[in-house]
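Colleague: sequence first, predicted model second:
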Amino acid sequence: MGRLFDFMLPDNKSPLTADSTDGLFNFITEVSLIMLIGITIAMIYFAYKYKRKSEDDKTPVITHNNTLEITWSVVPLILVMIVFGWGYSGWLNLRAVPNDAYEIHATGYKWNWNFNYENGAQTLNELHVPAGRPIKVVMQSRDVLHSFFIPDYRVKHDVVPGRYTYVWFQAEETGESIIFCTEYCGTSHSDMLAKVIVHEPDEFEEWLELNGGGLQGSPVEIGEQLVQLQGCQTCHSMDGTQMIGPSFKGIWGREAVMSDGSTIVVDENYIRESILYPGEKVVDGYDNVMTPYEGRLSDDEITSIIEYLKTIE
Ligand code: CUA
């Protein structure tokens, strides 16, 4: 249903979660507009009606007016209670996930979103979902406070280290929508973007099948997939460009000056330490901002990543 102020909102692509938010938004904006017009007219009218007409024109002493005072207390109270009730029921709806919801896990970390599916499929900054089915995204943070926001679905929730939070939605049509991080989380906060890709249900099943079952290939190939899935390129370039972290180009065997003035040669142990405990040795000229991977990658995975890094020349 079209309402007066819908033009101020992004497309509504998940009516089950967005309708109550949009309805309330329209209600508040419409009431505000009516108030603005009414108050402006009254002000102009009174300014004209009660303007000073002669030298001895004096305002009478008015102490109070019961009718007026009750009116301007009760009417706003009713409006505020409507807004509260509407907002509360909308919030309850956003918290009550339908029983048949399809569950996907999301991990936020500086500065990427990683998504995990039931069969082991993983994606970076792309959330694949089937259309016409409620989706529950269970979220966690690996480092600091982030916030998961899909404007088209009107869902937003903080992603907090050390606990799980969730959102749910149901995209009715295939297509794409943008995902924002809406909690300031450091240097690349504004680049912490992802998208939802909505598939036809059978197309989604195919996609899932194709991407499930874990990583395949030689250590170098697995290392390359891991570097992509973990979003390392958000901060480390492949072509020598200086980004938030040192470039991977020619990293193997490179001599690097540390922030304490010492010099190291990049070898297996240095890379391993830099992945697990990045704050231990920071290359001079860079900030200590990387999220530690301690407990997140297995020894085999780290070995694969090292083998891959050796090949980037
Ligand atoms: Cu993550 Cu802002």
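Modeller: Okay, I see it.
Colleague: helices along the stretch 51-200 of the chain, start to end?
Modeller: For the stretch 51-200 of the chain, applying DSSP state H, counting those that start in this stretch gives helices covering 66-95.
Colleague: show me what from it comes close to the ligand.
Modeller: For the stretch 51-200 of the chain, the residues found near the ligand under the criterion Cβ under 6 Å from any ligand atom are 108, 111, 146, 181, 183, 184, 185, 189, 192. Using the backbone N, CA and C atoms, a C-beta is placed for each residue, glycine as well.
Colleague: what pairs with the fourth one across the strands?
Modeller: Same thing as residue 181. The bridge-partner assignment for residue 181, based on DSSP bridges, gives residue 148.
Colleague: state the mean pLDDT of the longest helix along the chain.
Modeller: Counting residues, the longest helix found in the chain (DSSP state H) is helix 15-49. Here helix 15-49 scores 95 as its mean pLDDT.
Colleague: give me the number of residues near residue 222?
Modeller: Using other Cβ atoms under 10 Å, residue 222 has 20 other residues around it.
Colleague: hang on, isn't it packed against residue 229?
Modeller: No - counting by Cβ atoms under 8 Å, residue 222 stays clear of residue 229, with 10.2 Å between them.
Colleague: in the longest helix of the chain, which residues are buried?
Modeller: 16, 17, 18, 20, 21, 22, 24, 25, 26, 27, 28 (16 or more other Cβ atoms under 10 Å).
Colleague: make TSV from those and add distance to the ligand to it.
Modeller: TSV is the format used below for the buried residues of helix 15-49 (distance: Cβ to the nearest ligand atom, whole Å):
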residue	distance to the ligand
16	26
17	22
18	23
20	26
21	22
22	25
24	26
25	24
26	29
27	31
28	27
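Colleague: show me where the stretch 1-150 of the chain dips below the pLDDT cut-off.
Modeller: For the stretch 1-150 of the chain, the stretches with pLDDT under 70 are 1-2.
Colleague: in it, which residue sits nearest the ligand?
Modeller: Nearest to the ligand in the stretch 1-150 of the chain, going by Cβ to the nearest ligand atom, is residue 146, at a distance of 3.5 Å.
Colleague: now the buried members of the residues of the stretch 51-200 of the chain next to the ligand.
Modeller: Buried among those (16+ other Cβ under 10 Å): 108, 111, 146, 181, 183, 185, 189, 192.
Colleague: quick one, strands of the stretch 151-300 of the chain?
Modeller: Counting by DSSP state E, counting those that start in this stretch, the stretch 151-300 of the chain has these strands, from start to end: 155-159, 165-169, 175-181, 194-199, 255-257, 263-265.
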